[in-house]
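Visitor: no sequence on this one, just coordinates:
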């Protein structure tokens with residue numbers, strides 16, 4: 001079978017097409033004939049920095065859609081030939097991927113495989129940020145970094161559905177700002193945002209801030225909170241050092257800081273992941289949320305997909321078309 005792998009860390013050019021053996025699922029695992037694989041920023045960090053890479057060579061990719069090829073011992077509730085979406089620990093850029101059965105989900109009725117590939121990472125992450133970790137309440141205000149990306153696109157729609165008074169987005173360019181406004185955001189800031197947020201809220205700040213960037217952006221997001229506000233960190237796109245927050249920052253205004261990782265939840269609390277995913281997938285099935293696929297590449301062109309995402313000009317979701 002075909003697989004995209006890298007044997008050293010570097011730019012998109014380190015991705016290479018290889019022929020390898022078809023993997024067999026062990027106990028509790030499932031193999032999937034891949035139709036589409038999602039492209040995520042975490043894949044770029046794996047390729048360039050070794051993020052969540054246990055050893056080289058490595059096949060990147062965290063999510064797929066397709067049909068169940070085989071099931072390992074002890075797997076129940078999934079059948080060969082069933083259309084599924086799956087969250088993987090890597091290995092999605094291939095004709096066949098393997099995942100834990102706990103992270104393989106039937107594609108909802110009425111949702112095709114192309115859309116199904118957009119679901120496993122982005123939808124549960126966005127749903128958790130709004131409803132589980134962020135606990136957004138009707139009438140509150142929310143500030144979202146990366147508002148035109150995959151997670152940001154869904155968060156804007158979920159925030160509006162949850163009754164947010166105002167959803168503020170932050171993006172890196174004017175074209176992205178227009179896209180974000182079309183997906184639930186009331187006001188979008190390009191680049192700087194800390195002073196703009198204070199001005200837009202009459203000096204109060206926001207009730208909830210969501211940050212996948214870290215570093216200075218994390219600190220500015222914390223400074224943008226209203227009294228009793230919450231900040232949720234869900235990534236470190238800046239590759240900055242670990243953030244630290246203590247009594248001096250939190251006590252004066254009763255602030256809270258939390259974190260979320262869909263991959264860590266999958267490893268530590270798979271039952272919670274399945275419950276979260278069921279709620280998240282339902283928002284797509286009922287039409288209340290959509291995640292546009294804005295670019296699609298053949299599997300062999302994975303490097304081109306990475307180059308596009310590296311430019312920070314992409315919006316929505318990028319996919320690799322694998323088979324079927």
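Guide: Looks like it arrived, so ask away. As the structure is a computational prediction, the values presented were derived from the model and not from experiment.

Visitor: for residue 139, phi and psi?
Guide: For residue 139, the backbone dihedrals (degrees, to the nearest 10) come out as phi 90, psi -10.

Visitor: Just the pLDDT at the nearest residue to it once chain neighbours are set aside, thanks.
Guide: Excluding the flanking residues, the one nearest residue 139 by Cβ to Cβ, 6 or more residues apart in numbering is residue 165, at 5.0 Å. Just so you know, the C-beta spots here come from the backbone N, C-alpha and C atoms, and that holds for glycine as well. pLDDT recorded at residue 165 is 98.

Visitor: again, but for residue 36
Guide: At residue 36, the pLDDT recorded in the model is 98.

Visitor: Which strands border the host helix or strand of it, and is each parallel or antiparallel?
Guide: In this assignment (DSSP states H and E), residue 36 forms part of strand 29-39. Taking DSSP bridges as the criterion, strand 29-39 sits next to strand 63-71 (antiparallel), strand 96-100 (antiparallel), strand 317-321 (antiparallel) in its sheet.

Visitor: quick one on the thing from earlier: how about the residue nearest to residue 139, what does it touch?
Guide: Residue 165 sits next to 138, 139, 140, 141 when contact means Cβ atoms under 8 Å, 6 or more residues apart in numbering.

Visitor: Give the residue spans of this protein that score low on pLDDT.
Guide: 324 (pLDDT under 70).

Visitor: tell me the residue furthest from the middle of it?
Guide: Relative to the C-alpha centroid of the chain, counting by Cα atoms, centre = their mean, residue 252 is the outermost residue, at 32.5 Å.

Visitor: tell me which element that one falls in.
Guide: Using DSSP H and E, residue 252 maps to neither a helix nor a strand.

Visitor: phi, psi of it?
Guide: Phi and psi for residue 252, reported as degrees, to the nearest 10, are phi -60, psi -40.

Visitor: Same question for residue 199.
Guide: Torsion angles, degrees, to the nearest 10, at residue 199: phi -60, psi -40.
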